[in-house]
Each structure stands twice: as structure tokens, then as C-alpha cells.
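Trainee: model this:
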Amino acid sequence: MSEYRELVARGKDAYIAALKEIGWFTLPQNNKEQIMDRLSGYEDNEHFVLSLSHLTFDAEGFESADEYKQVLHDMAGLAGVILTSTHLDFSFFEEADTLNGEVTTANGNYWFELENLMGWFDPEIVDFMNESVLSGEDIEGRIFDLPSVDQFVQFVFVPREMYDKAIENGLIPEDAGYFVSDIE
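Mentor: Residues are numbered from 1 along each chain as shown. All right, here's what the predicted structure looks like:
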């Protein structure tokens, strides 16, 4: 049995205690009452990890630059970064689409290119935010994905060491396909 399964089998109070033990609630974006409310809403303890999510959206329907623009602003907002401008251009090809973009902050300009888009969210935009924007803005936290459920994606914004502690202590499953592996 995985560490995550062992922890969630012990219930909501054990999960909250484990979060407190690693210092999860010392970060301002990790609201204990909000997480407790979310935990109370789950019929199945297996989904406790989703209570940690700071950003959730449907990964389907990324057909234009507007969807990516919104996600970029949402992710920047998690980190406290203000995007002063966002310029995105889709190029349409028979085999797949490409998205070129530039975002500007008070401290710099950041450019990216996503290739072979097929109407689904491209997780390379998270890499761009982490490696270019957040790094360039000297932000300590990073955006990490939580295990996906159905076609929804969930992300958490915390420092790398906090994310690693959460995995080590069974608060987040090690396997990003945790929910998918149960289906197969």
C-alpha cells in the first residue's frame, strides 16, 4: 500500500495533522479552514490530495490563445507576479497548431513556443512559467501538478522543498497517474 493510501485511510484529521507537521499551513496560500472544508466534501478519502489544489481547470478545449492567456494570468497570480502584457499568436497547420507567446512583467520579457497542440492543455506552459517567468522574477515557489482526475488538471503553488516533503510524507501520491492507474 502506498504512503498516500495509508495516510488517507486514517481520515481527515490525520491528513490535516500531517499537513501541519510539514509546515504546509505556514504558507499564506495554504488556508487550513479552506482545505478542511474541501476535505469534508469528499465522499472518498482517496481524493484528499485534491483539497490542496490552488488552480483547477478542464484540460480540454484549448482551441485559441484566450484559454492559454487566462491560464498564464491565473498561474502568475498564484505567484504574485503581475503580467503587464501578454501577446499570444496561434499558427494553424493541417497536422497541429503552434502557439507563440510573450509575456511581460515589470522585470522582464519572457518568450515561449508550444508546438503540436491538439486542443488539449499543453503542460509545457507550466515549465515555461516555472523555468522562465518564476525563475526570472526570483520567485521561490513553483507550480506543480497534482494527480489528474478525468480531464481536469490541478496545480499547487509551493516551494520545491515543501512539495517534496508532501510527497515524502504521503500527502501527495508519488505517481502523477494515481487516479488513472486505478481505472486501468
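Trainee: and residue 4, which of the three is it?
Mentor: The assignment at residue 4 comes out as helix when based on DSSP: H, G, I helix; E, B strand; the rest coil.
Trainee: I'd say it and residue 169 touch.
Mentor: No: at 9.4 Å, residue 4 does not count as touching residue 169 under the criterion of CB atoms under 8 Å. Quick note: C-beta positions are derived from backbone N, CA and C, even for glycine.
Trainee: give me the more crowded residue out of these two.
Mentor: A count of neighbours by other CB atoms under 10 Å puts residue 4 above the other of residue 4 and residue 169, at 23 against 16.
Trainee: got the buried residues for the longest helix anywhere in the chain?
Mentor: Determined from DSSP state H, the single longest helix within the chain is helix 65-79. In terms of neighbour count (16 or more other CB atoms under 10 Å), helix 65-79 has its buried residues at 65, 67-69, 71-72, 75-76, 78-79.
Trainee: quick one: least confident of those residues?
Mentor: On pLDDT alone, residue 65 ranks lowest of the buried residues of helix 65-79, at 87.
Trainee: what strand or helix carries the closest residue in space to that residue that isn't next to it in sequence?
Mentor: Spatial nearest neighbour of residue 65, excluding adjacent residues (CB to CB, 6 or more residues apart in numbering): residue 88 at 3.7 Å. Taking DSSP states H and E as the definition, residue 88 sits inside strand 85-92.
Trainee: equivalent analysis for residue 103, please.
Mentor: If you go by DSSP H and E, residue 103 is part of strand 97-104.
Trainee: may I have the strands that pair with that strand, each with its orientation?
Mentor: strand 85-92 (antiparallel), strand 109-117 (antiparallel) (DSSP bridges).
Trainee: can you list the ones you listed in JSON lines and add mean pLDDT?
Mentor: Below are these laid out as JSON lines (pLDDT from 0 to 100):
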{"stretch": "strand 85-92", "mean pLDDT": "87"}
{"stretch": "strand 109-117", "mean pLDDT": "91"}
